Each structure stands twice: as C-alpha cells, then as structure tokens.
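**Q** Give the three-dimensional model of this entry:
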Amino acid sequence: MYKPTFQKRSVLKFTHFSNHGYSLFAVLGKEVLIGVLSVATLQHATAKGVSIETDKAETDSAVTNRGVMMDEVSVTGTRAPLAVSQQARMVTVLSREDIQAAPVQSVNDLLKYAAGVDVRQKGPLGALTDVSIRGGNSEQITVLLNDINICDAQTGHNAFDFPVDISEIERIEVLEGPSARVYGTSSLLGAINIVTRTPPKTSLSAHVEGGSYGYISAGVRANMAQGHWNNQLSGSFTRSDGYLRSKAGSLNADYQTAKAFYQGNYRDDVIFVRWHAGLSLKDFGSSTFYATKYDDQFEHTLKTFTAIQAENLHGRFHIRPSIYWNRSMDRFELFRDAAGKYPYNYHRTDVYGVNLNAYFDWTLGRTAFGAELRNEDLVSGNLGEPLERPHHIHGTDRDYTNGLNRTNVQLILEHNIILERFTLSAGLIAVKNSQADMSMRVYPGIDASYRIGTGWKLYASYNTSLRMPSVTELFYSVGGHKADKHLRPEELSALETGVRYSQNGISAKASIYWNHHKNLIDWVSDGALDADGSLLWKSVNFGKINDLGAEASLSLDLRRILPSQHLFKKFSIAYSYIHQDKAEEAGIVSKYSLEYLKNKLVSNLQLNLWRNLDLGVSYRFQHRMGSYLDTSNQQHGYASYGIVDARISWNEAKWTAYAETNNLFGCHYVDYGNIPQPGTWLTAGININL
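**A** Residues are numbered from 1 along each chain as shown. Next up is the predicted model:
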C-alpha cells in the first residue's frame, strides 16, 4: 500500500510465500516485511533489490524446503511507493537488530558507522552533535521522526534531540544525496528518518545501564494493544559527569536528559490513523563549544513534538494527510549560572506544518503528487528583526525582542515508469519561501535503474535541491560571531552512478558521485578579533564548490556462506572518499563546509563465542581536511585517527546483559578544534522484555 516520502503505512509480515505465482503481485504497493536478515553496519544495511519475476519451479522448491527469507526493509527512495526491486535509488536501512548489536548509547553514535555520514561531537552521548552527509554540514540534511520533519529553523546543532530512547527505535533510514522530491528541499545532501516501533501485542520492557564518567541511564516502555487500537508510553533518563573540567576544576561537560514519548494508532480494513507526542529536556555543560575563550558555557533545551497522520488502505487513489507542531526552547549561558555577568540568550521556535501526499496508477505508470505548507516562527532575545510587540520570556523578567517568521510552500510531482527490469522515476519540486520575498523556484530530478539477472543492479541519478539559511546563520552576531542577514539560499545539483550485487549471503555496492554547490553557506575566520578579544567568525556565501566522491562496501553473511562453522556471524567493510575542488585559502579557516572527511573506513565483525554469548568488534578510521585555530590563535590541521569499539552480550529470549567499550585503546583525537574527545569509555547494562 501507499508509502510516500513523509509516510509509512500498514505492514504485512510474511515468513514464507505461498505457492501461488501471483502471491507477490497481490501485495504490490504495500510495505512487506519478509523474514529477518540483519546486517552488521549501517553502510551495509542497504535495501536489497528483489526481482518481481521468479522462476516458479525454483520458488516452489525454496518454499517446500526452507522458505524464502528476505531482508526486512523499508524503502523511501521515491515519492510514490514502489516494490523493493523496482526502486531506482539505493536507501540505507538499519534494522532494530543492528541497533541492538551496536556498542552505542545514542543515535548520533550509531551513525558513526555509516561510511557516508560524518558525526562530529562536541559533548558526550550526543549532548551536542553535528551530523552531515557526503561532505556537507548539519544544516544541509533533513532529520525526520516517523516521517515528520523535525528540523529547527534556528540551528542544526540540536536536530538530534529526539524524545525517544535508542531502545525504542525500529529502524533508521538514510537517503544520501539531494532528496528534494522525497523529503523536501531542506534535504540538500540527504535525509535521516528515525522510525519508532509499536509492538503488535501488549508488552512491557525496561533497561538500565551505567559506566564511566558517572554515566547512568534508565528507561521503561509499556505498550497496550487491543483490537484495532495500539497505545504506547515510554520514558527515559540519562546523565553523565562528562569527561572535561574547566580551568577552575568544575564540571563543564556534564550532561543530563529526560525523554517522554507517547504514540498510538488505529487500524481497520479501511483506514489507518496514527499519532505521537513527545518531549525532550536536556541540560549540558557546553565547555568551549561555542566560544573558545570561555570554558564554562551551559545550555538548556526543551523540545516538544506532536503529529497526526492518516491514510486510506483501499481504492485506486491513495491519499495521506498529516499535520504537526514542533516547539524548541533554548537558553544559552556564556557564563554558567552567572546571568549578571553576561545576559543569557533565549530562543523559542514554533514550526507548524500540513502536508498532503497521494498517488494513483494508470496506463502509463504510477504518478504521485504532494504539497506541504510549513511555517517557522522564531522569537529571541538577539536573533532576527526587531518585533513590533515584545513577548514575555516565561520564568524571567525579560522579553523576546527579536524574531523571524517565514513560510515555506512546496509542491511535488513525480511519475514512475516500471518495466520488467528497468525503472525510471522523474519529477520536480517547486518551492517558495516568504523570506526575502523569494520567488517560486523549481528543482527537477530523475533516477533510473536496470536489473541484470537476479543479483546485479545498475543505477544512475541526477537531482537538485535548495536550502534556506538558518536563523543563526542570518542573525547570530554575538559571542565572537558576525552574521549576514542577506545570505542567499544554497543550491545543489548532483550526479551519481553505481552498481550493486546481492546474492547468496554476499552484498556489495560501489558508487561515484559529483556534487556542484552554489552559494554554499559557512562560518569562516580570517584571524580577526572582535571587541572583547574573541576570534571573530563570519557567515558567508562561499560561491561555487564541487565535490567528487566515491563509496564502496562489502557485507558477508558468514553463517550462510560457511554453514559448517558457528563462530563467525557477519563481516562488513565500507570506504568513503571525497575530494573538494576548493581548499582553504591562506589565512582563512572554515568552521564547517571545508572541514570534511576526505577518507573514512568502517568495519565490523560479529562473532558467536559460545551458546548465547556474542561479541561484536567495530573499527573506524577518519582523515579530515581543514584546520582549526587554538586558544592562542595558532592554526592546526586535523590529525587522522582510528577507533576500536566492542560489545559483548548474553542474549536470552526475555533479557539481555551486555558490556561495551568505546575507544578501546584510548585514542586521543578531536572532531572539532580545541575540544578533545573522551578516551576509553566503559558501559554495562541489562534489557528486560516482558
């Protein structure tokens, strides 16, 4: 059934096909989960291409002897829903099993194992993390929760403040490259969609873990399923002392967060309706994260999420509307607990959205169309234009005096031509933003794939997109920053081609892409200082920049390839390379855009040591371009580094006990200049499922 960009739908679960030749056609257009085959790392969880046409004798034999087991996938590579084998674009999917096997405590840490994703941390456990794709920055991707865009117009720094604990996530979908037709124009270089789970039966689960640096985390989830209704409520709390101290010896990278999440749905033979509401409360010492001169900064964020979605389950014409409201509140303290020394910065952002997606089949293929109206309203103590009427800041004696309100309208049209082995998907998105009276702009895209035999697929694409500047990029002119409110939107066009193979426990993929950036936005420094002696960073449009990149991956299901042995379960390795034709100029330092991962290698080995005792070992190597200025205003290049993580666990049907170590050998490294990352971090815990 219907599976558009911003939507999910009812799920049919099979472990075997019936012997009827028409069985697969009967569920075409639905999301089908057929068996379970996990993968070791995010890069290698790529959705499998499965031929619609099968040899009946071969299929019957497989059904009779062992059943047909296929990957559990969810593909959102096009606006219209297509069968997995028909997709003209590769979508990376990380299953729940992969999430549970990874030695991580947050989504941010999990994404480090994706070769095409750059995760740059400024604090522990995702306290402040910038996530980007293919050499971009955190402002250039769309982050979604259950297909709802939860990006904040203020800044991309807090995009990963999810109201859900990592233990509640069903899967993570990553689409690399411009994704305007699928996720809207803000997905300049890709999108990451977090999908939560709602078990079909009433259940209860809990987890608790602890570790280095005063780390403690606990959470509980209760699910009630009855008839057509399903309701789930969860909550979690996490805290850590952090791994850094200020010059005065006090905690300055400590962290604590509380999350609450409710989701429900109603499903019958005609309609499917689902809704969610969540809250994320976070306090963290931000050390020198924003201004290197001061080492006792602090930030408090509060984010709420609400959405409701519906869709019809039958009929020739499929439609799904959704409506959402997300609110973000932020208080930044340049000097912790010292409002009299320097006034706190307060911001509040409300994002209201309505979107409508639909598709229908006719003689010439499958056509989809959609529309979205999204309003972003920010009030602040220092960001934006002066308000005509100030708004009171709750709990203080101050007012919001500045702000910005802008509305984005998007119209999408896509058509898909589907032949026996060939798929062509083409369309466009038209966008208009009220900021600076921007006129309507159109961005086209086209994807094509050709299936060779049962294991090979060739694919190629050309896509374009746009991104509006964040409010911070337009107006943040305090604390060593000078913004330009006349910044132009970024634009991107990209070409990509590749090949993949998947058969008999072997999955491999190789691709090459070329990105052309226009009006790229970044913060740069030429060494100048502001009035109080802090290094001055300016927001600018960089002009034109080109990226040439290549990615390759190999994943082996060793139990399937070598069924006689029981020690080795899975092995995977992936590599990403990027070359940018614009390097840093003499005396100019880039904060984000020119600091990209030129080389990244990730690898993972999963072992079964004895009975229910499993061991997973992961390695990643990173070589970053660019440089940073130290507190003495001296320039340094980034050093390459390699990190080893491991997880050992005992897995029973209703409980799992585990121990994890991150940065096993205590490597000293930085992802951002002047912010050292933690050494060896040990964690142990237990999960219980009833």
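
**Q** How about the contacts made by the most centrally placed residue in the chain?
**A** The chain has residue 192 as the residue nearest its centroid, 2.9 Å off, counting by CA atoms, centre = their mean. Taking CB atoms under 8 Å, 6 or more residues apart in numbering, we find residue 192 in contact with 111, 131, 133, 141-144, 172-174. Yep, even glycine has a C-beta here, placed from its N, CA and C like the rest.

**Q** So what pairs up with it in the strands?
**A** Listed by DSSP bridges, the beta-bridge partners for residue 192 are residue 143, residue 174.

**Q** got a pLDDT number for it?
**A** Per-residue pLDDT puts residue 192 at 92.

**Q** any idea how far residue 113 is from it?
**A** Separation of residue 192 from residue 113 (CB to CB, to the nearest Å): 13 Å.

**Q** Spell out the residue ranges of the strands in the stretch 51-200 of the chain.
**A** Counting by DSSP state E, counting those that start in this stretch, the stretch 51-200 of the chain has strands at residues 92-95, 117-121, 129-133, 142-145, 148-149, 169-176, 190-196.

**Q** And for the stretch 501-650 of the chain?
**A** 506-518, 521-525, 537-541, 544-557, 568-580, 589-590, 597-610, 613-624, 627-629, 635-637, 641-651.

**Q** Tell me which of the ones you listed lies nearest to residue 219.
**A** strand 641-651 (17.7 Å; CB to CB).

**Q** partner strands of the very next helix or strand once past that closest one, parallel or antiparallel?
**A** Of the helices and strands lying after strand 641-651 in sequence (DSSP states H and E), the nearest is strand 655-662. Paired neighbours of strand 655-662 in the sheet (DSSP bridges): strand 641-651 (antiparallel), strand 681-689 (antiparallel).

**Q** As CSV, those with mean neighbour count, distance to residue 332 and mean pLDDT would be great.
**A** Converted to CSV, the strands paired with strand 655-662 look like this (neighbours: other CB atoms under 10 Å; distance: least, CB to CB, whole Å; pLDDT from 0 to 100):
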stretch, mean neighbour count, distance to residue 332, mean pLDDT
strand 641-651, 18, 30, 97
strand 681-689, 17, 26, 96
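
**Q** possible to save the ones you listed as TSV with distance to residue 352?
**A** Below are the strands paired with strand 655-662 laid out as TSV (distance: least, CB to CB, whole Å):
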stretch	distance to residue 352
strand 641-651	40
strand 681-689	37
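
**Q** so where's this protein shaky on pLDDT?
**A** Along the chain, segments meeting pLDDT under 70 span 1-77, 84, 123-124, 126, 583-584, 586.

**Q** how about 50 then?
**A** Along the chain, segments meeting pLDDT under 50 span 1-74.

**Q** Now do the helices in it.
**A** 23-26, 56-65, 96-101, 107-110, 180-183, 471-475, 558-561 (DSSP state H).

**Q** What helices and strands are in contact with the third one?
**A** With contacts defined as 3 or more CB pairs under 8 Å, 6 or more residues apart in numbering; DSSP states H and E, the packing partners of helix 96-101 are strand 169-176.

**Q** For the strand it packs on, output the C-alpha coordinates as PDB.
**A** Extracted as PDB, the C-alpha positions of strand 169-176 are listed here (Å, rounded to 0.1, in the frame of the first residue of the first chain):
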ATOM      1  CA  ILE A 169      13.800   2.700  17.500                       C
ATOM      2  CA  GLU A 170      12.500   0.200  15.000                       C
ATOM      3  CA  ARG A 171      14.800   1.200  12.100                       C
ATOM      4  CA  ILE A 172      16.800   4.100  10.700                       C
ATOM      5  CA  GLU A 173      16.600   5.100   7.000                       C
ATOM      6  CA  VAL A 174      19.300   7.100   5.400                       C
ATOM      7  CA  LEU A 175      19.000   8.600   1.900                       C
ATOM      8  CA  GLU A 176      22.200  10.100   0.600                       C
END
